[in-house]
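In: This is a predicted model, with the sequence first.
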Amino acid sequence: MDELVQTGDWRSMSDEDKQDAVSGLMKAARKEAKEYLFGAPAKQPKRLRRSLPALPEGFKVDEMPPLPAGFTMD
């Protein structure tokens with residue numbers, strides 16, 4: 001974002017163009033973050049968004065406290 005607002009073009013842009021530029025930047029940043037965190041394209045079915053990653057090697061479920069009421073772990 002800093003790079004965007006420090007360009008000479010930024011000062012000459014209309015408010016609407018600035019809003020479009022920031023919106024596009026934020027959309028790209030969210031997509032990149034989702035791909036980094038979840039290792040898949042940003043658009044996933046709701047079912048997959050709620051699924052948990054596999055447990056790390058050596059992790060034992062019986063060492064965890066019980067889940068709150070209404071929560072499940074696949």
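Out: Nice, I can see it. Numbering: from 1, shown residues only.
In: if you average pLDDT over stretch 6-14, what comes out?
Out: Model confidence over stretch 6-14 averages 85 on the pLDDT scale.
In: Endpoints of that stretch, how far apart?
Out: Length of stretch 6-14, first residue to last, CA to CA, to the nearest Å: 15 Å.
In: which other residues reach it?
Out: With contact meaning CB atoms under 8 Å, 6 or more residues apart in numbering, stretch 6-14 is reached by 4, 18, 21. C-beta: built from backbone N, CA, C; applies to glycine.
In: can I assume the last one is in contact with residue 5?
Out: No - at 9.2 Å, residue 21 and residue 5 do not qualify as touching, with contact defined as CB atoms under 8 Å.
In: returning to what we had before: in helices, which of the contacts of stretch 6-14 fall?
Out: Mapping these onto helices (DSSP state H) picks out 4, 18, 21.
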